[in-house]
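>>> What would the 3D arrangement of this be:
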Amino acid sequence: MDIQPIEPENVVQLVQAIFDNMLQMPCEPSADATAAQQDPDADRLVGCVQIQGDWTGAVEINTPLELGRKAAGAMLMMPESDVSMEDVQDTIAELSNMVGGSIKAILPGQSSLSLPSVASGSGLDFKLANVVHTQNIALQSNGTDFTVSICHLDSNS
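Here you go, the predicted structure:
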């Protein structure tokens, strides 16, 4: 099934709704699409869920650790200083799951969502096999840039 790319405005609205409802944190489009990935040596998190079915691909959230810590504090309703790395990773996994599930819901046809996975650290070079990044949506929350990427199965692989 050939499915057209999801409109970036729809992705922004989905992510804004999740940030508003789950985190009570502002979220808006970022003016700088590359700002979220400027420092490759900074501590980062990449959360990912895969979608399989009539449309096959993945949704990734790529964020600095700083924003992950803020999100974990907001989600768990605790001070950022009390948030553990496991809390941060669990929060990014849950956000990835919510964003991926929301995107899956607007895709035509039948599909299923994988369990979320999270990579964290500095110097990350996160790569899913056999997919092509079709959309990178730059967003910002509390002055910190991050991206949501939509990837689809590479038909040449």
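>>> Could you list the paired strands of the helix-or-strand element of the chain with minimal mean pLDDT along with their orientation?
Here the helix or strand of the chain ranked lowest by mean pLDDT, DSSP states H and E is strand 131-141, holding a mean of 85. For strand 131-141, the pairing partners within the sheet under DSSP bridges are strand 28-29 (antiparallel), strand 144-153 (antiparallel).
>>> and it, which residues are buried?
Buried residues in strand 131-141, counted by 16 or more other C-beta atoms under 10 Å: V131, Q135, N136, I137, A138, L139, Q140, S141. Bear in mind the C-beta positions are built from the backbone N, C-alpha and C, glycine included.
>>> which helix is the longest one in this protein?
Criterion DSSP state H: the longest helix present in the chain is helix 85-106.
>>> got the angle between it and strand 144-153?
If you take axes from the mean of the first three to the mean of the last three C-alpha atoms, to 10 degrees, helix 85-106 sits at 50 degrees to strand 144-153.
>>> For the helix or strand just after helix 85-106, the averaged confidence score.
Going down the chain from helix 85-106, the next helix or strand is strand 111-113, by DSSP states H and E. In this model, strand 111-113 has a mean pLDDT of 95.
>>> contact partners of strand 111-113?
With contact meaning C-beta atoms under 8 Å, 6 or more residues apart in numbering, strand 111-113 is reached by V49, Q50, I51, Q52, G53, D54, W55, T56, N97, G100, G101, K104.
>>> separation between the closest residue to the fifth one other than its chain neighbours and T56?
Here the nearest residue to G53 in space, its sequence neighbours aside, is S111; by C-beta to C-beta, 6 or more residues apart in numbering that works out to 3.0 Å. Using C-beta to C-beta, to the nearest Å, we find S111 at a distance of 8 Å from T56.
>>> Spatially central residue for the chain, please.
In the chain, the C-alpha nearest the mean C-alpha coordinate belongs to I61, at 2.0 Å (C-alpha atoms, centre = their mean).
>>> Quick check, M22 in contact with S102.
No. Using C-beta atoms under 8 Å, M22 is not in contact with S102, being 11.4 Å away.
>>> Just the pLDDT for the closest residue to F19 other than its chain neighbours.
Spatial nearest neighbour of F19, excluding adjacent residues (C-beta to C-beta, 6+ apart): C27 at 3.8 Å. pLDDT recorded at C27 is 96.
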